[in-house]
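**Q** Sequence below, structure please.
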Amino acid sequence: MLDFGTRVQYSVFEAELDQKLFENLIRKIKNIIDEQKDSIRIYQLCASCKKEINILGQGTLIEEVDVYNIF
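**A** Just a heads-up that it's a prediction; the model follows:
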């Protein structure tokens with residue numbers, strides 16, 4: 001996940017991905033996880049939903065990721 005986005009909590013990441021990067025991420029996750037044991041949840045937010053994100057305490061909303069490492 002660190003290749004695609006920013007860690008905002010221990011197991012929570014934020015990323016802005018175009019369709020190609022999103023498909024690459026899904027492919028890489030499927031190659032790593034054990035589908036019988038693991039659970040990965042991906043929530044896609046629309047532009048208007050993103051405006052409604054509230055952060056309490058530390059942290060800022062990630063606007064854009066500058067570098068993508070794709071293997």
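
**Q** Would you mind naming the helix or strand containing residue 30?
**A** Using DSSP states H and E, residue 30 falls within helix 19-32.

**Q** Run the chain-centre distance for that helix.
**A** From the chain centre to the centre of helix 19-32 is a distance of 11 Å (CA atoms, centre = their mean, to the nearest Å).

**Q** Which elements pack onto that helix?
**A** The criterion is 3 or more CB pairs under 8 Å, 6 or more residues apart in numbering; DSSP states H and E, and there are no helices or strands that helix 19-32 contacts. C-beta here means a position set from N, CA and C on the backbone, and glycine is covered the same way.

**Q** tell me which residues of whichever helix or strand comes after that helix are tucked away?
**A** Next helix or strand after helix 19-32 toward the C-terminus (DSSP H and E): helix 47-50. By 16 or more other CB atoms under 10 Å, helix 47-50 has no buried positions at all.

**Q** just stretch 5-19 next, same as before
**A** Under 16+ other CB under 10 Å, the buried positions of stretch 5-19 are 5, 14-15, 17.

**Q** Could you tell me which residues within the helix holding residue 30 count as buried?
**A** Applying a neighbour-count criterion of 16+ other CB under 10 Å, the buried positions in helix 19-32 are 21, 24-25.

**Q** Kindly export that helix (C-alpha atoms) in CSV.
**A** Only the C-alpha atoms of helix 19-32 are listed here, as CSV (Å, rounded to 0.1, in the frame of the first residue of the first chain):
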residue,chain,number,x,y,z
GLN,A,19,-8.1,3.7,-13.2
LYS,A,20,-4.9,2.1,-14.4
LEU,A,21,-3.2,2.5,-11.0
PHE,A,22,-6.3,1.3,-9.2
GLU,A,23,-6.4,-1.9,-11.3
ASN,A,24,-2.7,-2.4,-10.7
LEU,A,25,-3.3,-2.0,-6.9
ILE,A,26,-6.1,-4.6,-7.0
ARG,A,27,-3.9,-7.0,-9.0
LYS,A,28,-1.0,-6.7,-6.5
ILE,A,29,-3.3,-7.1,-3.5
LYS,A,30,-4.9,-10.3,-4.9
ASN,A,31,-1.4,-11.7,-5.5
ILE,A,32,-0.4,-11.1,-1.8
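
**Q** All good on my end, thank you.
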